[in-house]
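Sequence and predicted structure are below.
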Amino acid sequence: MGLDELIVTRAIIETYTEKFLEYSDSDVAIVGAGPAGLTCAYYLAKGGAKVSIYERRLSIGGGIWGGGVMFSEVVVQEDAKRILDDLGIRHKPYREEGYYTVDSVELACSLGLRSLEAGAKIFNSITVVDVKVEGKDEKVCGLVINWSPVEMTGLHVDPITVGAKFVIDGTGHDATVARIVQDKLNKRLNTPTGKVIGERSMWADPAEQEVPRKTGEVYPGLYLIGMAATAAHGTHRMGPIFGGMLLSGEKAAKEILAKLK
Ligand code: 48F
């Protein structure tokens, strides 16, 4: 039997469209498929939530792949080791107690696969450009999205909207969604200054402890996780140690699952 290219075309367009439509209204829409976003998606999906992730790049993983200075290993500390164990991600104890190394390529692949297997859907090459709001308090209740190449080339093409009960900003250092709420809605965020403060210089120990602490609702309907939480609250950066990112994703998932129930 010969292959028919038109069947390939129809199979792709129909299947993608079905998937996209099914997730056009989710319990939770996560912006950014970095370590925090993927971990959060895994725990949310495992807990029964309908989760979509929108990722600007073709690839998932955010800042995981390059490890430290492109040496493809990252460090995870004792506190977060249980998450690696929970997700079945291989790691090696380093000779100093409480430090574990993980192959960064394996971490990116495993977090992606575990979140997909748990039921989350990842939509890549999509850039979030705005939020959808509703009600008197202008609660965040969805995302405005466009194809990344449209944004990159500056084509004049209108974006479309997807709905969600909760939106999560997992955009890393940029804290893009929090900045959108601050700048476009002119709203006060739940940070010490009411604004995105910007991350402080490297100091891994307090930085890692602060990431899960600063994880949470920063505006009605909008949660901050990972480096976006660090950047918004103005806490220290931590470099290629990733435990805080995993713990942050897990914490936001737990809080949102409790609210969804
Ligand atoms: O930057 P990123 O990996 O954020 P994270 O999950 O983890 C931070 C660490 O990688 C590292 C660190 C560790 O200790 O300091 O930096 O907090 O992933 C953020 C993802 O969000 C995507 C971006 O391409 C990346 O994959 N992203 C950013 N802006 C948008 C976006 C946007 N507007 N729309 C969609 N995706």
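Structure received.

check contacts around the residue nearest to residue 247 when sequence neighbours are not counted.
Among residues not flanking residue 247 along the chain, residue 212 sits closest, at 4.4 Å (C-beta to C-beta, 6 or more residues apart in numbering). Heads up, the C-betas are built off the backbone N, CA and C, glycines and all. Residues near residue 212 by C-beta atoms under 8 Å, 6 or more residues apart in numbering: 244, 247, 248, 251.

I'd like the secondary structure assignment at the residue nearest the centre of the chain, please.
Among the residues of the chain, the one closest to the centroid is residue 37, at 2.4 Å (C-alpha atoms, centre = their mean). On the three-state scheme (DSSP: H, G, I helix; E, B strand; the rest coil), residue 37 is labelled helix.

now do residue 162
Per three-state DSSP, residue 162 ends up strand.

what do you get for residue 60?
Reduced to three states by three-state DSSP, residue 60 is coil.

Tell me how far the residue lying closest to it once chain neighbours are set aside lies from the ligand.
Sequence neighbours aside, residue 33 is the residue nearest to residue 60 in space, at 3.9 Å (criterion: C-beta to C-beta, 6+ apart). Separation of residue 33 from the ligand (C-beta to the nearest ligand atom, to the nearest Å): 5 Å.

Can you verify residue 33 is assigned to a helix?
No: applying three-state DSSP, one finds residue 33 to be coil, outside a helix.

What is the burial count for it?
By the measure other C-beta atoms under 10 Å, the count of residues near residue 33 is 28.

wait, it sits on residue 63?
No: applying C-beta atoms under 8 Å as the test, residue 33 and residue 63 come out as separate, 11.0 Å apart.

Do any residues in the helix or strand where residue 211 lies lie close to the ligand?
Using DSSP states H and E, residue 211 sits in helix 204-214. No: with C-beta under 6 Å from any ligand atom as the criterion, the ligand is not reached by helix 204-214; the gap is at least 8.1 Å.

Helix or strand next in line after that helix, which one?
Counting by DSSP H and E, what follows helix 204-214 is strand 216-219.

Show me where the protein has its strands.
Under the criterion DSSP state E, the chain contains strands at 25-31, 51-55, 73-77, 92-93, 99-103, 121-124, 126-134, 139-147, 160-169, 200-202, 216-219, 222-224, 236-237.

Let's see the fifth one as PDB, backbone CA atoms only.
Right, the one you point to is strand 99-103. Only the C-alpha atoms of strand 99-103 are listed here, as PDB (Å, rounded to 0.1, in the frame of the first residue of the first chain):
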ATOM      1  CA  TYR A  99      24.200  17.300  47.000                       C
ATOM      2  CA  TYR A 100      23.100  15.100  44.100                       C
ATOM      3  CA  THR A 101      23.900  15.500  40.400                       C
ATOM      4  CA  VAL A 102      21.400  14.900  37.600                       C
ATOM      5  CA  ASP A 103      22.200  14.700  33.900                       C
END
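
Name the residues of the stretch 51-200 of the chain found near the ligand, please.
So the stretch 51-200 of the chain meets the ligand at 54-57, 62-64, 127-128, 170-172, 174, 176 (C-beta under 6 Å from any ligand atom).

How many residues are close by the nearest residue to residue 118 once chain neighbours are set aside?
Nearest residue to residue 118, sequence neighbours excluded (C-beta to C-beta, 6+ apart): residue 45, at 3.8 Å. Per other C-beta under 10 Å, the neighbour tally for residue 45 reads 23.

And the one 10 residues further on, by the same measure?
For residue 55, the number of neighbouring residues by other C-beta under 10 Å comes to 27.

wait, what's in contact with it?
Neighbours of residue 55 in contact, by C-beta under 8 Å, 6+ apart: 32, 33, 37, 122, 123, 124, 125, 126.

where in the stretch 1-150 of the chain is pLDDT low?
For the stretch 1-150 of the chain, no stretch is flagged by pLDDT under 70.
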